[in-house]
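A.B. asks: I would like the atomic coordinates for the input below:
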Amino acid sequence: MALDTVGILEKLIAFDTVSARSNLALIRWIGDYLSEFGVAVEIVPAPDGQPKANLWATIGPKRDGGIVLSGHTDVVPVAGQPWSSDPFVLRDDGSRFYGRGTSDMKGFIALCLALVPEMLAKPLTTPLHFAFSYDEELGCLGAPHLLAAIGERLPKPRLAIIGEPTGMKLGVRHKGVYSFQTEITGRDGHSSQPERGLNAIVLASEVIGEIARIYGDIRANGPFDRAFDPAHCSLNIGSIEGGTAVNIIARQCRFLWDFRVVPGGHPDQVLKPLAAFAERRLVQLRRHIPEADIVTTPRVSAPPLVEEHEGAAEALLKHLTGANETVSLPFATEAGQFQQAGMSAIVCGPGYIAQAHQPDEYIDKDQLLAGESLLRHLIAWARQN
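C.D. replies: Next up is the predicted model:
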């Protein structure tokens, strides 16, 4: 049974797909919905046994060269936020729909699904693909597994439209985000004799000081991109923990940090000099404390979206929307991952990022209508090209 956009959005919002929880119930619902129209669905589960999965579906010919409509199914938490209504019940106030994920980004997914009957009404020459992922909000963790499946057994698309909330503007570039854990190992002992051990918290402070020095060089020397604020790559130490008691020399300390890069930047700007510092310091320390260690491991890798300058995705969206201007986005998306997988990519979807992650998140109805118009133009184009 076909549902309209509002009916589908209501269903999607009702699934509590906060990233810490499973998205499988939502994925199954979408799979069942598509199956009612005879659309084959490919489920790409999380490889680590988590109860999560990506979904892939194709409408049109099963061949390379299609267009991806990409959205993530997870949402950010609502705990502690002052919502004025149940965040998992769609609320209509006449001009807006309220609920967690309305703008970021179940509104776009609802539009895609509502237009399935129109996609099937007449044959498409160019295939349209749905790519719905998990754990985007945790650092774009799900999409790489879906992209790996595309490279192995699924048709390779030509370009990808990531429907994040841009107010329907054409987002052609954004920063990337990479996060890391640095773990320090020292030697424990009684706090009355600190020189006989190696305090991991103190050593961590040295490492953090070196990271701060490296960041100072980056702020001074770039690369710079004036489309962003700040115009340089940015770095933040987000959390730190270590030690067990005030009277024990801390043996372990770890901290989490992230590095947001402008297009043209790279995490090696920090990682290489940090590794060189760690190597020099460990040579000194291991003369007396052989177990001393400084280990940095990656956690999140979401590359920047690099502007393609009239690339295939930008050219198509300009043709479909009549827009001439493009924008740089202040937030990271999965677009850079699709781009690195060999597809031209662009970010364009209904809603505004200012509403995302907020209490009483909402999407304006006129934004849904604008998104619907874009997809209808895309369907017409896919029948003729």
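A.B. asks: Confirm for me that L113 is in contact with I8.
C.D. replies: Yes - when contacts are counted by CB atoms under 8 Å, L113 is listed as touching I8 (5.1 Å). Where you see a C-beta, it was placed from the backbone N, CA and C, and this is true even at glycine.
A.B. asks: So for these two, which sits in the more crowded spot?
C.D. replies: For L113 against I8, the residue with the higher neighbour count under other CB atoms under 10 Å is L113, and the figures read 26 against 23.
A.B. asks: Identify the residues contacting G336.
C.D. replies: When contacts are counted by CB atoms under 8 Å, 6 or more residues apart in numbering, G336 touches 174, 176, 302-306, 345.
A.B. asks: What is the nearest of those residues to D360?
C.D. replies: When the contacts of G336 are compared for distance to D360, the smallest value, 25.5 Å, is given by H174; criterion: CB to CB.
A.B. asks: Spatially, what comes nearest to that closest one if we skip its sequence neighbours?
C.D. replies: Closest residue to H174 in three dimensions, ignoring its sequence neighbours and counting by CB to CB, 6 or more residues apart in numbering: L329, at 3.9 Å.
A.B. asks: At which residues are the helices of the stretch 1-150 of the chain located?
C.D. replies: In the stretch 1-150 of the chain, the segments counted as helices under DSSP state H, counting those that start in this stretch are 5-14, 24-35, 107-114, 116-121, 143-152.
A.B. asks: do the stretch 151-300 of the chain as well
C.D. replies: In order along the chain, the stretch 151-300 of the chain carries the following helices (DSSP H, counting those that start in this stretch): 200-221, 268-285.
A.B. asks: hang on, the earlier thing: what residues are shared contacts of L113 and I8?
C.D. replies: Each of Y33 lies in contact with both L113 and I8 under the rule CB under 8 Å, 6+ apart.
A.B. asks: picking up where we left off before, quick check: which of the helices of the stretch 151-300 of the chain is nearest to R63?
C.D. replies: Minimum separation from R63 across the helices of the stretch 151-300 of the chain (CB to CB) falls at helix 268-285, 37.8 Å.
A.B. asks: and for the closest one, what are the contacting residues?
C.D. replies: Residues lying outside helix 268-285 but in contact with it, judged by CB under 8 Å, 6+ apart, are 180, 198, 203, 206-207, 210-211, 214-215, 218, 233, 235, 259, 261, 292-294, 296.
A.B. asks: I'd like to know which of those residues are buried.
C.D. replies: Members of the contacts of helix 268-285 that pass the buried threshold by neighbour count (16 or more other CB atoms under 10 Å) are listed as 180, 198, 203, 207, 210-211, 214-215, 218, 233, 235, 259, 261, 292-294, 296.
A.B. asks: Sketch out the low-pLDDT regions of the stretch 201-350 of the chain for me.
C.D. replies: Applying pLDDT under 70 to the stretch 201-350 of the chain picks out no residues at all.
A.B. asks: Could I get the full set of strands for it?
C.D. replies: With strands called from DSSP state E, counting those that start in this stretch, the stretch 201-350 of the chain shows them at 234-242, 252-261, 293-302, 326-329, 344-347.
A.B. asks: Would you mind finding the most buried of those?
C.D. replies: Mean neighbour counts were compared across these using mean count of other CB atoms under 10 Å; the top stretch is strand 344-347, at a mean of 26.
A.B. asks: just checking, what packs against that strand?
C.D. replies: Based on contacts counted as 3 or more CB pairs under 8 Å, 6 or more residues apart in numbering; DSSP states H and E, the elements that strand 344-347 packs against are strand 159-162, strand 170-174, helix 312-321, helix 335-340.
A.B. asks: could I get those as a markdown table with distance to L3?
C.D. replies: Formatted as a markdown table, the entries for these read as follows, by distance: least, CB to CB, whole Å:
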| stretch | distance to L3 |
| --- | --- |
| strand 159-162 | 22 |
| strand 170-174 | 29 |
| helix 312-321 | 25 |
| helix 335-340 | 28 |
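A.B. asks: from these, which stretch is densest packed?
C.D. replies: Stretch with highest mean neighbour count among the helices and strands packed on strand 344-347: strand 159-162 (a mean of 27; mean count of other CB under 10 Å).
A.B. asks: counting contacts, what elements does that strand pack onto?
C.D. replies: On a contact count with 3+ CB pairs under 8 Å, 6+ apart, strand 159-162 meets strand 67-72, helix 312-321, helix 335-340, strand 344-347.
A.B. asks: So for G265, which of those sits nearest?
C.D. replies: For the helices and strands packed on strand 159-162, distance to G265 was read as CB to CB. The smallest value, 12.0 Å, belongs to helix 335-340.
A.B. asks: quick one: contacts for L9?
C.D. replies: The contact partners of L9, taken as CB under 8 Å, 6+ apart, are 90, 97, 99, 102, 106-107, 110.
A.B. asks: one step back: to V68, which of the helices of the stretch 1-150 of the chain lies closest?
C.D. replies: Shortest separation from V68 across the helices of the stretch 1-150 of the chain is recorded for helix 143-152, at 8.8 Å, computed as CB to CB.
A.B. asks: and of the contacts of L9, the nearest to Q50?
C.D. replies: So of the contacts of L9, ranked by how close each gets to Q50 (CB to CB), first place is K106, at 20.4 Å.
A.B. asks: before we move on, back to that, for P51, find the nearest of the helices and strands packed on strand 159-162.
C.D. replies: Counting by CB to CB, P51 lies closest to strand 67-72 out of the helices and strands packed on strand 159-162; the figure is 16.3 Å.
A.B. asks: Sheet partners, orientation included, of that closest one?
C.D. replies: Using DSSP bridges, the strands paired with strand 67-72 are strand 128-133 (parallel), strand 159-162 (parallel).
A.B. asks: Now distance to L170 too, for the ones you listed, in TSV please.
C.D. replies: Listed next are those as TSV, based on distance: least, CB to CB, whole Å:
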stretch	distance to L170
strand 128-133	19
strand 159-162	10
